[in-house]
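Engineer: This is a predicted model, with the sequence first.
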Amino acid sequence: MEKTDDITKLLEACKRHDAKAQMMVYQRYAKAMYQVAVRITGDADDAEDVMQEAFIKAFNKLHTYKATASFGAWLKRIVVNEALTWLRKRKNMTCLDALNSPIEAEPEIEINENNVKVEALLNAINQLKDNYRVVINLHFIEGYDYDEMMQILELSYANVRTLVSRAKQKLKQILETDYAEMLKL
């Protein structure tokens, strides 16, 4: 949780290019932002690069930050956008832009939380294609709704819903195949 007065003072110092304040902000948020980046990129080294670029961009654009949301939420949005930009550059994610199929009914994934270990679920998510892993992370882990995902991914509402639906189906398939014994399906 952010201490509003403390972070406000640090951000004001950062706007004046105070390196010590920037380091304090970096140290406060680096671990959480790294986790966001690694979930989207799927690679620790790439996530580190993405996170560094995001912090540089955040410090350079700090004057645009409006305190309508927490600084952490604002920074996370920058990290997510940087990670997606990195993925587009790396893999030219044309499959995201090519989705024009109708909305499909979302399958229900029924997983007994007592039987599935978090690590197994994360491993299954990491087996997904980049575009599926991104939407699963954005929607279920980062908590973005479809409207926010539309803006972030620059896709239509129908395409976001379809992509989430397909990602959930694929995740369910992986879990059923690889973790059937653990899930006791």
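Structural biologist: Arrived safely.
Engineer: all helices of this protein, in order?
Structural biologist: 4-15, 19-41, 44-60, 71-91, 94-98, 118-126, 130-136, 146-153, 157-178, 180-183 (DSSP state H).
Engineer: among those, which is the most enclosed?
Structural biologist: helix 130-136 (a mean of 22; mean count of other Cβ atoms under 10 Å). To be clear about C-beta, it is placed using only N, CA and C from the backbone, and glycine gets the same treatment.
Engineer: Lowest average confidence across the helices of the chain, which one?
Structural biologist: Of all the helices of the chain, mean pLDDT reaches its minimum on helix 94-98 (a mean of 43).
Engineer: so what's Ser101 scoring on pLDDT?
Structural biologist: Model confidence at Ser101, expressed as pLDDT, equals 41.
Engineer: Name the nearest residue to the residue nearest the centre of the chain, ignoring sequence neighbours.
Structural biologist: What sits nearest the mean C-alpha location of the chain, by Cα atoms, centre = their mean, is Leu138, with 4.5 Å. Spatial nearest neighbour of Leu138, chain neighbours left out: Tyr144 (4.7 Å); criterion: Cβ to Cβ, 6 or more residues apart in numbering.
Engineer: Surely that neighbour and Gln151 touch.
Structural biologist: No - if you go by Cβ atoms under 8 Å, Tyr144 and Gln151 don't touch, sitting 9.1 Å apart.
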